[in-house]
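> okay, sequence plus prediction incoming.
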Amino acid sequence: MKYRLLVSAMLVCSTFALSACDSSSNSAADVNSTKILDGKATIVLPEGYKKMPEEMLVKKYTLEAQRPKEVWYVESEGGKVTMAFSMTANPMKESQLAEFAGMMKKQFGSFSPEVSAVTVNGKKMQRLQMTTPDADDAEGGIYNLMQISSLDNKLLITTFNSTADLKDKYSAAGVEALSSLKY
């Protein structure tokens, strides 16, 4: 009887010890992810990104109606590289995203946007890629990669932006970050 009890206790203890070593539930992406939008989603941001302070957000996005809910930026680049999250009140189902992206492509037609469909962590999304004029630099432009998705049946637009001169340095990491969005 004591022998069975001892073997049972050893079995239970070894199971607990092995489950404590199981790291499959905490992938590197989960450990490095940043909670966004009041914890509704996560994203793996590249090193060097900081949450934009409210006063900087107001200065950079002067029109309140167009101001993203949350913006992260590369501090060392002075706000020239950003990841913005615009959670709208507009109803949007995943099945409507392609049509909406087509409408946005027409709206931004003068900037020759490219549209692509992607799946990120099992969610269907659309991406719009274009370069728009830079109000601060007439010679340069702003590279925009907008990821359009449906979160809680509402339109979420996640945008990676960088000035044209920094595009080559940061765009690959921006795409990787967009591809890590999870909700």
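Perfect, I can see it now. From a predicted model like this one, the values you see are computed outputs, not experimental measurements.
> just the strands in the protein please.
34-36, 41-43, 49-51, 70-74, 81-91, 114-120, 123-134, 137-151, 154-163 (DSSP state E).
> which among these is found nearest to Glu99?
Minimum separation from Glu99 across the strands of the chain (Cβ to Cβ) falls at strand 123-134, 9.4 Å. (C-beta placed from N, C-alpha, C; glycine too.)
> can you check what angle separates the closest one from strand 137-151?
160 degrees (axes from the mean of the first three to the mean of the last three Cα atoms, to 10 degrees).
> next, the angle strand 114-120 makes with strand 123-134.
140 degrees.
> and strand 123-134, what does it pack onto?
helix 97-107, strand 114-120, strand 137-151 (3 or more Cβ pairs under 8 Å, 6 or more residues apart in numbering; DSSP states H and E).
> name every strand pairing with the shortest one and say which way it goes.
For strand 114-120, the pairing partners within the sheet under DSSP bridges are strand 123-134 (antiparallel).
> just put the strands of the chain in a markdown table and tack on distance to Tyr183, mean pLDDT and mean neighbour count.
Output for the strands of the chain, formatted as a markdown table (distance: least, Cβ to Cβ, whole Å; pLDDT from 0 to 100; neighbours: other Cβ atoms under 10 Å):
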| stretch | distance to Tyr183 | mean pLDDT | mean neighbour count |
| --- | --- | --- | --- |
| strand 34-36 | 9 | 97 | 16 |
| strand 41-43 | 4 | 98 | 21 |
| strand 49-51 | 18 | 97 | 15 |
| strand 70-74 | 14 | 98 | 21 |
| strand 81-91 | 11 | 97 | 18 |
| strand 114-120 | 10 | 98 | 13 |
| strand 123-134 | 8 | 97 | 18 |
| strand 137-151 | 5 | 95 | 18 |
| strand 154-163 | 8 | 98 | 21 |
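> my read: Leu145 touches Met125, true?
No - counting by Cβ atoms under 8 Å, Leu145 does not reach Met125; the two are 11.7 Å apart.
> among the strands of the chain, which comes closest to Phe108?
Using Cβ to Cβ, the strands of the chain put strand 123-134 closest to Phe108, at 5.9 Å.
> neighbouring contacts of that closest one?
94, 97-98, 100-101, 104-105, 108, 111-119, 140-150, 163-164, 178, 181, 183 (Cβ atoms under 8 Å, 6 or more residues apart in numbering).
> next: stretch 163-172.
Here stretch 163-172 has contacts from 46, 74, 77, 80-81, 131, 134, 137, 140-143, 145, 160, 162, using Cβ under 8 Å, 6+ apart.
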